[in-house]
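J.: Using only what follows, build the 3D model:
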Amino acid sequence: MDLRKARMIYNRLKTEMHNAYYTKTMVDNLENFRTEASTHLLGPGLYQYQSFLEICQNLEGKGVIGWDKLGTLKDLVQTTSGGETHLLEMINKAENDIQGLSGNIQQTRVVVPVQDTPEDTVSGPAGNFHKTNSSALPYNDIQIIGKYDLDKYVGLIQITGRLEDSGTGFRVGEKYLMTAYHVFKRTIDQVWERAIQKVKHSQRKGELYREIESLFNISEDEITPLNIKPKKQPLPFGKLFEQFRRQDNGINVEVFETLLKESISVKFGFKDGKPTAGEFHFEYDIPFADADHDVLVLQISEGENTLPPPLPLEEEFVTSSVHLFGYPQGFMKLLSDIKCSIYVDNNELQKDVTKAIEWWKGEGHSFENHYAVCRYADDKRYTDTGKMFLQTSKQFEHNSSGSPVVAIINDRPVVQLMYLRGYPEFCYSKENSLPPPPPQYLFEAGVAMPVVTQLLRECCPNIMGK
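T.: Numbering: from 1, shown residues only. All right, here's what the predicted structure looks like:
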């Protein structure tokens, strides 16, 4: 049988079913489908807002439905309030078309999914699109997670205005917030560009250029308005703005007030859409930034509210069984992905990456280069820039950067990684036109805290404290 054609027939069937009877406007049909699916996914849970196609992808990841399991799909549509007969006819037709391929003698390689043995296919929680490990959680971990009220440690970052965006950050040290550098990259680039433009038009630009060289550890020929790529260093914009004010007639810095303070905030402890544990802004001086490792540490401005407590950071060895907490897509509610697994062994990572590449080849695509980053450096547990890989739920695909990945160690949550992005990157783009691969062929990356803490102790020890 030509498996590629079988999958094409199956994918076309799902699209036709979605367009005919499972659109967002057909609420009853979607709700009934979710109810039936919940028998396989341990309740509607996190996928209650997902589309028909996304729920199908979840079921496929569990091995419940597929091109060769259309009988189960028939069972799931039996309760459709409108169009049941037509839906069954559509499935029967696809089933007949696939059976008709059995006479085709073309050999197609069968790609074994990541879960090689029955023990690896234990059902996880609903909405668990990518990961394939068991989500059984020790009761002690549940108690500790509840006790710590993590929404008071983990905040929603909101950037308003023309550069509107969102992300997640978490408290570290005495008065700092850690997040992904790329969450703020556009803002930092804009501040830098406007600052250099102001210097260029200053009557004392030579003096200011020397000041920038000293403050930002950059040579004069590298000072351009296009962008800045920080390398394990502070970004002391506040000190630069002080120099602006001291110039003859003063250089106006109000535009930076808007870019760096008024339009950026972090909020903690959401309840009914309101931050009950405080809303905070940031100082101009950025204590630490590194584009390669994708790490940014901001200093929180003092205000009326008491700062939420910091989370402890892992400084030695990352553990494999972890939990992800964040504000994906800017939701004003802390969401969790319980019991993710980090790849701590490069051989295991490469085995699964190879399967992913082979699957894409079966679909007619050569994407080795897109997976090239998913490899640890020789004799290390990380990439050259401190990244480690894991698999998380689909719900965390967008605007989750900066989320802490924690493990329960000595009865407290300890940050193991900071969540950054997924690979292949095109699969996470909202402009991607290709059908998504099976969930086990997607890999998410986070930067390891032992790497980050070492960088901070070397470059900015005041952040880490004693």
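J.: Pretty sure Val191 sits in a helix.
T.: Yes. Using DSSP: H, G, I helix; E, B strand; the rest coil, the secondary structure at Val191 is a helix.
J.: For the closest residue to it other than its chain neighbours, grab the count of nearby residues.
T.: Distances taken as CB to CB, 6 or more residues apart in numbering put Leu259 closest to Val191, at 5.4 Å, once the chain neighbours are dropped. Just so you know, the C-beta spots here come from the backbone N, C-alpha and C atoms, and that holds for glycine as well. By other CB atoms under 10 Å, the residues close to Leu259 number 21.
J.: just Arg375 next, same as before
T.: Arg375: 15 neighbours (other CB under 10 Å).
J.: quick one: the strands in the stretch 201-350 of the chain?
T.: Here the stretch 201-350 of the chain has its strands, by DSSP state E, counting those that start in this stretch, at 233-236, 264-267, 270-271, 274-275, 279-280, 285-290, 295-299, 321-326, 335-343.
J.: Need the pLDDT of the residue nearest to Val191.
T.: Looking at Leu259, its pLDDT reads 79.
J.: How much space separates it from Lys185?
T.: As judged by CB to CB, to the nearest Å, Leu259 and Lys185 stand 13 Å apart.
J.: go on, Ser366?
T.: Using CB to CB, we find Ser366 at a distance of 30 Å from Lys185.
J.: more crowded one of those two?
T.: Lys185 (20 against 9).
J.: which residues sit in contact with that one?
T.: By CB atoms under 8 Å, 6 or more residues apart in numbering, the contact set of Lys185 is Ala291.
J.: Can you show me the CA trace of the strand or helix carrying it as CSV?
T.: Per DSSP states H and E, Lys185 falls inside helix 181-200. Output in CSV follows, covering the C-alpha atoms of helix 181-200 (Å, rounded to 0.1, in the frame of the first residue of the first chain):
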residue,chain,number,x,y,z
TYR,A,181,15.8,38.1,25.1
HIS,A,182,13.7,37.8,21.9
VAL,A,183,10.6,38.8,23.8
PHE,A,184,12.2,42.3,24.1
LYS,A,185,14.4,42.3,21.0
ARG,A,186,12.2,44.6,18.9
THR,A,187,11.9,47.1,21.8
ILE,A,188,15.7,47.0,22.5
ASP,A,189,16.4,47.4,18.8
GLN,A,190,14.1,50.4,18.7
VAL,A,191,15.6,52.1,21.8
TRP,A,192,19.1,51.5,20.4
GLU,A,193,18.2,52.9,16.9
ARG,A,194,16.6,56.0,18.3
ALA,A,195,19.5,56.6,20.8
ILE,A,196,22.1,56.4,18.0
GLN,A,197,20.1,58.7,15.8
LYS,A,198,20.0,61.3,18.5
VAL,A,199,23.8,60.9,19.1
LYS,A,200,24.4,61.4,15.3
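J.: Excluding covalently adjacent residues, which one is nearest to Ala356?
T.: Excluding the flanking residues, the one nearest Ala356 by CB to CB, 6+ apart is Tyr441, at 3.6 Å.
J.: Trp359 is in contact with the one you found, correct?
T.: Yes. Tyr441 is in contact with Trp359 according to CB atoms under 8 Å; the separation is 5.6 Å.
J.: Please parse this protein into its domains.
T.: Listed by automatic domain parsing, the domain ranges of the chain are 3-108, 139-148+312-457, 150-311.
J.: Report the buried residues of the strand ranked longest in the chain.
T.: Secondary structure assigned by DSSP state E gives strand 412-423 as the longest strand of the chain. For strand 412-423, burial by neighbour count (16 or more other CB atoms under 10 Å) applies to Pro413, Val414, Val415, Gln416, Leu417, Met418, Tyr419, Leu420, Arg421, Gly422, Tyr423.
J.: which stretches of the stretch 301-450 of the chain aren't confidently modelled?
T.: For the stretch 301-450 of the chain, the stretches flagged by pLDDT under 70 are 304.
J.: make it 90
T.: 302-306, 320-321, 329-333, 337-341, 378-381, 393-399, 428-436, 438-439 (pLDDT under 90).
J.: measure His182 to Phe216 for me?
T.: His182 sits 19 Å away from Phe216, going by CB to CB.
J.: for Ile338, same thing?
T.: Ile338 is 42 Å from Phe216, where distance means CB to CB.
J.: coming back round to it: quick one: contacts for the residue nearest to Ala356?
T.: Tyr441 is in contact with Val114, Asp352, Lys355, Ala356, Trp359, Trp360, counting by CB under 8 Å, 6+ apart.
J.: Now rank those by neighbours and give me the top one.
T.: Highest neighbour count within these: Ala356, with 24 neighbours (other CB under 10 Å).
J.: And the helix or strand containing that one, what's buried?
T.: Applying DSSP H and E as the criterion places Ala356 in helix 346-362. Buried residues in helix 346-362, counted by 16+ other CB under 10 Å: Asn346, Leu349, Asp352, Val353, Lys355, Ala356, Ile357, Trp359, Trp360.
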